[in-house]
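>>> Sequence and predicted model, in that order:
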Amino acid sequence: MLSRRNFVAGTLAAGAVSRLHAQTNEPALTVLRIERRDIEVNGKPASMLGVRQPDGTIGLTTRVNTPFRVRVENHIDEPSLLHWHGLTPPWQQDGVPGVSGPAIPPGGSADYDFPLPVGGTYWMHSHYGFQEQLLLAAPLIIKDGGENSSEQDIVVELTDFSFTPPEKIYADLRTRQMPKMDMADMPGMVMAPIKSKPDLNDVQYDAFLANGRTLDDPEVIKVEPGGHVRLRIINSSSMSAYHIDLGELAGHLVAVDGIPVHKVPGRSFPIAVAQRLDITLAIPNTPAVYPVLAVLEGERKQTGIVLQAGPGQIARISNQADAASPPLTLDLERSLKAIKPLADRKVDRTHVIDLTGEMQGYQWSLNNVVWNKDVPPLAVAQGERVELVLTNQTMMPHPMHLHGHSFQVVAINGKRFAGAVRDTVLVPPKTTVIVAFDANNPGWWAFHCHLLYHQHAGMFTTVRYV
């Protein structure tokens with residue numbers, strides 16, 4: 001881990017590094033600033049966080065095989081750190097305080113320099129405290145040359161928003177009590193069977209945003225009638241999953257979590273927290289307006305953007321869908337096939353991991369162990385093929401994310417198949433999902449539920465090898 005002395009020395013040396021890069025014609029450092037910003041939601045002001053370049057560009061777009069040379073400057077009054085979600089940097093540059101290195105102090109900066117061997121749709125977000133809930137996240141797009149040159153690239157970042165401070169949200173979740181029934185007061189009562197259905201949306205949000213805006217004032221993006229579009233949809237929400245509704249447009253899912261899959265046609269696609277979907281669209285020749293909506297899992301609330309093809313009137317779009325959407329399932333996951341699956345080889349090590357916890361007291365854990373710094377990491381050895389057997393023993397879905405690696409989904413409820421390669425997989429209630437990865441990036445890596453408040457409650461562990 002980086003010591004504070006090394007951290008400061010690296011910061012002081014940044015200027016010299018930039019000059020050296022300039023002298024050798026290597027790409028200069030890209031500066032990303034962690035900043036406080038004011039936004040307006042539902043007609044009310046809110047002070048949030050963000051990550052922008054000095055010219056105001058949100059996040060970063062770069063190209064494959066271009067060195068990732070980035071300086072992150074902390075312009076807020078508390079420590080912070082960015083995680084490069086889905087990338088495979090050296091572990092000390094992964095951006096997890098207390099695991100990969102120290103947080104950046106107020107007024108400080110940190111430099112990053114590692115290769116980008118693959119392209120795709122990724123994102124960056126804070127792993128410090130509850131800053132992710134304060135919208136400290138941004139797209140990280142790596143063009144790989146495989147995109148259709150005639151496609152218009154459109155990034156859609158989905159977020160859930162609350163005027164309530166995240167610390168209070170978490171405290172309320174921890175102290176909320178489930179209703180109890182006093183059976184002594186109901187003699188002779190016969191209890192009906194309890195229906196087994198998932199618990200969804202344990203945080204009630206004030207708004208849902210697409211590229212920072214609600215459907216009261218959505219982003220309108222002009223597209224060419226008869227043209228082609230590549231939607232890069234990033235679910236940077238802290239707690240909320242969605243169904244992507246393309247409406248009149250027919251799309252093809254071509255990548256998940258930045259990694260190509262064999263095309264899947266459709267007009268609706270599920271997206272769990274932290275996942276990404278690349279969807280290609282053919283815009284009809286007739287001028288028209290096409291909403292692209294994200295409907296909250298289990299509810300009618302929705303957000304989205306508007307694609308405007310040619311001239312036309314843009315009618316107001318309700319922030320309520322016609323009907324509540326269903327819970328996310330793994331039906332799509334079962335049908336996905338990676339274009340470049342993992343090589344066929346024997347499994348060297350298996351870790352069986354139960355996803356455990358309950359809403360009462362808001363207790364979440366892995367194998368009934370709440371994360372703390374003394375929890376030993378999952379042991380693997382470099383070069384091994386590792387399988388993680390993930391069984392959700394709870395009544396809430398959990399999107400599970402492994403840092404520093406991509407994994408392949410290889411089984412759902414005992415049925416083996418060669419599925420998608422990705423970095424975040426949804427494990428619905430009472431479901432077993434098996435993922436496989438190659439231990440080819442030594443270090444100390446986080447593995448956790450990507451529901452922010454579940455992670456903070458203890459559904460977190462690490463993987464460590466040299």
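Cool, got the structure.
>>> what about the spatially most central residue of the chain, distance to I234?
Central residue check for the chain by Cα atoms, centre = their mean: the C-alpha nearest the mean position is that of A274, 1.6 Å away. Going from A274 to I234 by Cβ to Cβ, to the nearest Å gives 9 Å. Placement of C-beta: from N, CA and C, glycine included.
>>> Report the contact partners of the nearest residue to G145 once chain neighbours are set aside.
Leaving aside its chain neighbours, G145 sits nearest to V64 (6.8 Å; criterion: Cβ to Cβ, 6 or more residues apart in numbering). Residues near V64 by Cβ atoms under 8 Å, 6 or more residues apart in numbering: L116, P117, V118, G119, I142, K143, D144, G145.
>>> cool, and G107?
Here G107 is in contact with N74, H75 (criterion: Cβ under 8 Å, 6+ apart).
>>> N148 and H228 touch, don't they?
Yes: N148 is in contact with H228 according to Cβ atoms under 8 Å; the separation is 6.1 Å.
>>> Which one's more surrounded, those two?
Shown here are N148 and H228; by other Cβ atoms under 10 Å, H228 has more neighbours (15 against 12).
>>> Please verify my assumption that the more buried one contacts P284.
No: between H228 and P284 there is no contact under Cβ under 8 Å: 11.5 Å.
>>> before we move on, back to that, mutual contacts of N148 and H228, please.
T280.
>>> Please identify the buried residues of the helix or strand containing V31?
Using DSSP states H and E, V31 maps to strand 30-41. By neighbour count on 16 or more other Cβ atoms under 10 Å, the buried set for strand 30-41 is T30, V31, L32, R33, I34, V41.
>>> Apply the buried test to the contacts of V64 and list what passes.
L116, V118, G119, I142, D144.
>>> Check the secondary structure at the first one for me.
Spelled out, that is L116. Of the three states, L116 takes coil according to DSSP: H, G, I helix; E, B strand; the rest coil.
>>> Please tell me how far it sits from G146.
14 Å.
>>> So which bits of stretch 257-269 are buried?
Buried residues in stretch 257-269, counted by 16+ other Cβ under 10 Å: D257, G258, I259, P260, V261, V264, F269.
>>> got a list of what the fourth one touches?
P260 makes contact with G146, V254, A338, I339, K340, according to Cβ under 8 Å, 6+ apart.
>>> So what pairs up with the third one in the strands?
Judged by DSSP bridges, the bridge partners of A338 are V261.
>>> wait, it sits on F407?
No: using Cβ under 8 Å, A338 is not in contact with F407, being 10.7 Å away.
>>> quick one: buried residues of stretch 207-218?
Buried residues in stretch 207-218 (16+ other Cβ under 10 Å): A207, F208, L209, A210, N211, G212, R213, T214, L215, P218.
>>> Quick one: distance of that stretch to the chain centre.
18 Å (Cα atoms, centre = their mean, to the nearest Å).
>>> Using PDB, write out every CA atom in it.
C-alpha atoms of stretch 207-218 as PDB (Å, rounded to 0.1, in the frame of the first residue of the first chain):
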ATOM      1  CA  ALA A 207     -36.000  11.600  -8.300                       C
ATOM      2  CA  PHE A 208     -34.300   9.400 -10.900                       C
ATOM      3  CA  LEU A 209     -32.000  11.100 -13.300                       C
ATOM      4  CA  ALA A 210     -30.700  10.400 -16.800                       C
ATOM      5  CA  ASN A 211     -27.600  12.500 -17.500                       C
ATOM      6  CA  GLY A 212     -28.400  14.600 -14.500                       C
ATOM      7  CA  ARG A 213     -32.000  15.400 -15.600                       C
ATOM      8  CA  THR A 214     -35.500  14.200 -14.900                       C
ATOM      9  CA  LEU A 215     -38.300  13.700 -17.500                       C
ATOM     10  CA  ASP A 216     -39.700  17.200 -16.500                       C
ATOM     11  CA  ASP A 217     -36.700  18.500 -18.500                       C
ATOM     12  CA  PRO A 218     -35.000  15.600 -20.200                       C
END
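>>> Quick check: mean pLDDT of that stretch?
What stretch 207-218 shows for mean pLDDT is 97.
>>> Also stretch 309-318?
90.
>>> re the thing from before, any idea of the pLDDT on the residue nearest to the centre of the chain?
On the pLDDT scale, A274 gets 98.
>>> who touches it in this structure?
Neighbours of A274 in contact, by Cβ under 8 Å, 6+ apart: H85, N235, S236, P399, H401, T424, H450.
>>> so of those residues, which ones are in strands?
Taking DSSP state E, the ones among these that sit in strands are H85, N235, P399, H401, T424.
>>> just curious, which of those residues is nearest to K373?
Taking Cβ to Cβ as the measure, K373 lies nearest H401 of those, at 19.7 Å.
>>> which ones are touching the closest one?
Here H401 is in contact with H85, A274, D423, T424, A446, F447, H448, C449, H450 (Cβ under 8 Å, 6+ apart).
>>> and those as JSON lines, adding distance to N367?
As requested, the contacts of H401 are arranged in JSON lines below (distance: Cβ to Cβ, whole Å):
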{"residue": "H85", "distance to N367": "24"}
{"residue": "A274", "distance to N367": "22"}
{"residue": "D423", "distance to N367": "21"}
{"residue": "T424", "distance to N367": "20"}
{"residue": "A446", "distance to N367": "16"}
{"residue": "F447", "distance to N367": "12"}
{"residue": "H448", "distance to N367": "13"}
{"residue": "C449", "distance to N367": "13"}
{"residue": "H450", "distance to N367": "18"}
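>>> before we move on, the earlier item: can you pull the residues that touch both of A338 and F407?
Common neighbours of A338 and F407 (Cβ under 8 Å, 6+ apart) are V421.
>>> quick one, helices of the stretch 201-350 of the chain?
Per DSSP state H, counting those that start in this stretch, the stretch 201-350 of the chain has helices spanning 331-335. These are given in chain order.
>>> Right, I'll leave it there.
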